[in-house]
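Colleague: what follows is a protein structure lacking sequence information:
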């Protein structure tokens, strides 16, 4: 639609007068660790067609982020270095400045160069993409971020303006590095007086469908003139900058997932602005069922039940389902591997009774994972997406693997079974709020006690999130997940499990620390016990059967260990210190 009065939509601050013609802060989605995307493939730019980005430089959010100047976004930025003796390039094409006088056009950008750089970044302009001329500016010499401002007259009035930023060095060692952020071209004609505050977006409703959102833009400097606004979506309302000196401009009814682009014209003053869509995703109700019926190749975080956070590649939908006796599989499945984004799904917060999360697992490739390493890939979380209360991890052991379960940073609580790549495993996490029992069942049978369990030091108060995690190539194998269910009753899973069998009545382990080579383990029944002790790396260092209460631990070196005790089908673990 088109509306005649004023709209000025922008997600960055403006100068005290004038209007922004082009603005790019490179978003917030660039990775903070290698591999960094080249500018030709990066998907987090604020501006899309007709603006294009080319060159050999990359986009990242690591190192020194932009700070220290007005409007610094401190997010992603372009990194312009040297590759095999050739200076990297960043080029922007398709900027339209034809509605303005060259004398009124001002270029600005955040700029940082490495302390090793004895040369300056080369900045050039072109109106045909072939013939280039330099833009002069004051070089950065203090080793900090500065805001470079290029005075009027150097930027031409053109429908096809291009900018090119080049590292002039050919060094192969100690090459200079340049970082650039917050590139902006403004019309500083004094008759353009509107100044905008930061735009805010609010979801109108939260459902499992595509919702709408409303954007509000505060402004000052209005009170006269006539404005024509053309948003890419939604309806314009709110205050009229043509008659109200200050106020809020509002755009309603924009679909979730659709970023907003608005063009505004008032005489010689022309504005273009952008607002990114918020996520309007509902909290999933229990019982929760997820069969991953998504288009193959799509990012899980773009669905209505999940959100992504952190950076890197996506947890993605793949073709086909995992099959396991007693579990009905439909839809597709999802794949995660190595480093990348985490995906989280909120569900109705549970604070009492029992809660179970079950899913099918296929570890399909261990090639990149370092032998002996362990990394968690799934977690039942408390009051936030990273508030892990029960973490499931894989430990590589040669060409095989075992599954582990923990709460915090430990990876010593590992099953004794060795599994093969391609095995389908039915995983169930369960927590009983009444008994503070947190357990993990693997391929459970009726009435089975947990394969592994952990004792939270403090009883959990709430569980409300399930998260899939990609840690690193060294720690995260290729994992396929399917048929996730989160329920408050085992009936919903078709299972009967021994939830309360994860503790041994009257268990005492002493002395602790132990220094004389003898450890005593007492229980109410004092039946025969199997004792397995692991070091902090998860390596089994002792396996013994105790028919009385004494265990000989004289072979253990000083350090911290985990003792796993099994008696009459019940299992418990305790930390042990040997002096």
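Modeller: Thanks, I have it. Here the structure is a predicted model, which means the values were calculated and not measured.

Colleague: in the stretch 101-250 of the chain, where is pLDDT below threshold?
Modeller: Along the stretch 101-250 of the chain, segments meeting pLDDT under 70 span 116.

Colleague: touching stretch 400-417 from outside, list them.
Modeller: 361, 363, 366, 374-376, 388-395, 418-421, 425, 427, 429, 438-440, 442, 451-454, 456, 477, 532, 534-538, 540, 562, 573 (C-beta atoms under 8 Å, 6 or more residues apart in numbering). To be clear about C-beta, it is placed using only N, CA and C from the backbone, and glycine gets the same treatment.

Colleague: let's see which of the residues you listed end up in strands.
Modeller: By the criterion of DSSP state E, membership of the contacts of stretch 400-417 in strands covers 361, 363, 374-376, 388-395, 425, 427, 429, 438-440, 442, 452-454, 532, 534, 540, 562, 573.

Colleague: could I have the buried ones of these as ChimeraX selection syntax?
Modeller: Buried members of these, identified by 16 or more other C-beta atoms under 10 Å, are gathered into one ChimeraX selection as follows:
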select :361,363,374,375,376,388,389,390,391,392,393,394,395,425,427,429,438,439,440,442,452,453,454,532,534,562,573
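
Colleague: contacting residues for residue 312?
Modeller: Neighbouring residues of residue 312 by C-beta under 8 Å, 6+ apart: 31, 33, 339-341, 470.

Colleague: again, 10 Å this time
Modeller: Residue 312 makes contacts with 29, 31-33, 35, 338-342, 470, 472, as judged by C-beta atoms under 10 Å, 6 or more residues apart in numbering.

Colleague: looks to me like it is in a strand.
Modeller: No: according to DSSP: H, G, I helix; E, B strand; the rest coil, the state of residue 312 is coil, so it is not within a strand.

Colleague: and it, what's its pLDDT?
Modeller: Predicted confidence (pLDDT) for residue 312: 80.

Colleague: now for the closest residue to it other than its chain neighbours: which residues touch it?
Modeller: Nearest-residue entry for residue 312: residue 340, 3.5 Å, with adjacent residues in sequence omitted and distances by C-beta to C-beta, 6 or more residues apart in numbering. Contact criterion C-beta under 10 Å, 6+ apart gives 31, 308, 310-316, 469-473, 476 as the residues in contact with residue 340.

Colleague: buried subset of the contacts of residue 312 as a ChimeraX selection?
Modeller: If you want just the buried ones from those in ChimeraX, going by 16+ other C-beta under 10 Å, the selection is:
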select :29,31,338,339,340,341,342,470,472
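
Colleague: take the contacts of residue 312 and write them to a markdown table, including pLDDT.
Modeller: As requested, these are exported to a markdown table (pLDDT from 0 to 100):
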| residue | pLDDT |
| --- | --- |
| 29 | 86 |
| 31 | 86 |
| 32 | 82 |
| 33 | 80 |
| 35 | 85 |
| 338 | 93 |
| 339 | 90 |
| 340 | 89 |
| 341 | 91 |
| 342 | 93 |
| 470 | 94 |
| 472 | 91 |
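
Colleague: which members of the contacts of residue 312 are the farthest-apart pair?
Modeller: Of all pairs drawn from these, the one with the longest distance (C-beta to C-beta) is 29 and 472, at 18.9 Å.

Colleague: distance check, residue 476 against residue 335.
Modeller: Here the criterion is C-beta to C-beta, to the nearest Å. By it, residue 476 lies 11 Å from residue 335.

Colleague: can you pick out the residue with more neighbours from these two?
Modeller: For residue 476 and residue 335, the more surrounded residue by other C-beta atoms under 10 Å is residue 476, and the numbers stand at 23 against 20.

Colleague: show the contacting residues for the more buried one.
Modeller: For residue 476, the contact set (C-beta under 10 Å, 6+ apart) comprises 336-340, 368-369, 373, 375-377, 393-394, 469-470.

Colleague: check residue 522 too.
Modeller: Contact analysis of residue 522 by C-beta under 10 Å, 6+ apart lists 506-510, 529, 548-549.

Colleague: how about 8 Å then?
Modeller: Applying C-beta under 8 Å, 6+ apart to residue 522 gives the contacts 506-508, 510, 549.

Colleague: take those residues and write them to CSV, including distance to residue 219, pLDDT and neighbour count.
Modeller: Supplementary listing: the contacts of residue 522 in CSV, determined by distance: C-beta to C-beta, whole Å; pLDDT from 0 to 100; neighbours: other C-beta atoms under 10 Å:
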residue, distance to residue 219, pLDDT, neighbour count
506, 71, 79, 10
507, 68, 82, 16
508, 70, 85, 13
510, 71, 90, 11
549, 78, 88, 15
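
Colleague: all good on my end, thank you.
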